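Peer 1: quick one: sequence and predicted model below, then my questions.
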Amino acid sequence: MDTARVGIWVLDMKTGLERRLLSYGYSPSWSPDGKKLAFESGAQIFVMSADGANVQQLTFMGKNFSPCWHPNGEAIVYDSNLGGSSGGYTVRIMRSDGSAQRPLCASTAGERRESCWDPTGVRVVLAWSPGGDVVSSQVYAIDSLTCSPTRLTHSEATNRTPRYSPNGHQIAFSAHQFSESLPQIWIMNADGGSPRRATSLGGANPTWSPDGQKIAYVRDDETRNSPQLGVIWMVDIGNGQEKQLTFHGGGP
C-alpha cells in the first residue's frame, strides 16, 4: 500500500488539483452546506471541518460505518452493530454533534446498511440483507416517520450503496450480478421502476453531481492490478461517457 496516498482527499473538479485532508479515514460525506465532512475510521464515526481541521469523534461504542448527513445538516444516519437483530447491523441516527444516538427504526431480521436520505429528509434508502435463504442485499426505502419499508429492487444481484439524485427522482446504486465478475452502477426511478445500467467498466459507491447529470464512483476489481482500477471515475448519465478522474501516483 502506498501510504502517501491513503486517507481522505479533496479533488477540485475545475483545476484537477488533489489535496489530502487526513492520512486516515474512509467513506467521507459532505455536510449540506459543504463546511464539514463526516467519515469513518477504526469502526467509529468522526466529523471535521472541510479543511481537515477540528476532527471530532462522535461514536465510541460498537462498530459504526457509512455516515450520511440529513439535508438540514442537523443529523447523521450511519451503520451500527449496536441494537441490531442477532448482532447484525442496523441504521442509527444521531445529532451532528454526536448526541441523541438511537435506532432510526426498530430492529428487524437481517442487516440494514449504507443508508442515506432523500432530499426531503423523510425517506431513507438503504441496502437490506434479509438473511435466511436470501444471500443478496436489496435496495429498500424506509419512511423515517412511520418506519414503513418499500422494496425497490427485485433481482438476484447484490445491490449496495443506494443514493438519491439531488431532485429525489432517481436512485443510483451498485449491483453485482452473479453472472458478472464486476459490480456496475445502475440507476432506477425513486419508486424502483425503469432500472438501467449506467456503467460498462465496473463501478461501486456512486455519488451524484449537484446538477444530477453525472455520477462519480469507484472502479475496482480485486482480481487485477491496473492504473485504471481503485480510483475515481465519472459517468455522464446523458451520453454514457465514462471518464477517469483520479490516478495512482496523482496523475495520468
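Peer 2: Perfect, I can see it now.
Peer 1: in this structure, which residue is most central in space?
Peer 2: Residue closest to the mean C-alpha point of the chain, counted by CA atoms, centre = their mean, is T161 at 4.6 Å.
Peer 1: which pLDDT value does the model give that residue?
Peer 2: On the pLDDT scale, T161 is placed at 96.
Peer 1: what about the stretch 151-252 of the chain, any weak spots by pLDDT?
Peer 2: 221-229, 249-252 (pLDDT under 70).
Peer 1: repeat that for 90
Peer 2: For the stretch 151-252 of the chain, the stretches flagged by pLDDT under 90 are 155-157, 177-182, 201, 219-231, 246-252.
Peer 1: so where do the strands sit in it?
Peer 2: Along the stretch 151-252 of the chain, the segments classed as strands by DSSP state E, counting those that start in this stretch run 158-164, 170-176, 184-189, 196-197, 204-208, 214-219, 231-236, 242-244.
Peer 1: switch those strands over to JSON lines; also include distance to Y78.
Peer 2: Yep, even glycine has a C-beta here, placed from its N, CA and C like the rest. Output for these, formatted as JSON lines (distance: least, CB to CB, whole Å):
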{"stretch": "strand 158-164", "distance to Y78": "14"}
{"stretch": "strand 170-176", "distance to Y78": "18"}
{"stretch": "strand 184-189", "distance to Y78": "23"}
{"stretch": "strand 196-197", "distance to Y78": "29"}
{"stretch": "strand 204-208", "distance to Y78": "15"}
{"stretch": "strand 214-219", "distance to Y78": "20"}
{"stretch": "strand 231-236", "distance to Y78": "22"}
{"stretch": "strand 242-244", "distance to Y78": "30"}
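Peer 1: what's the closest of those to M61?
Peer 2: strand 158-164 (24.6 Å; CB to CB).
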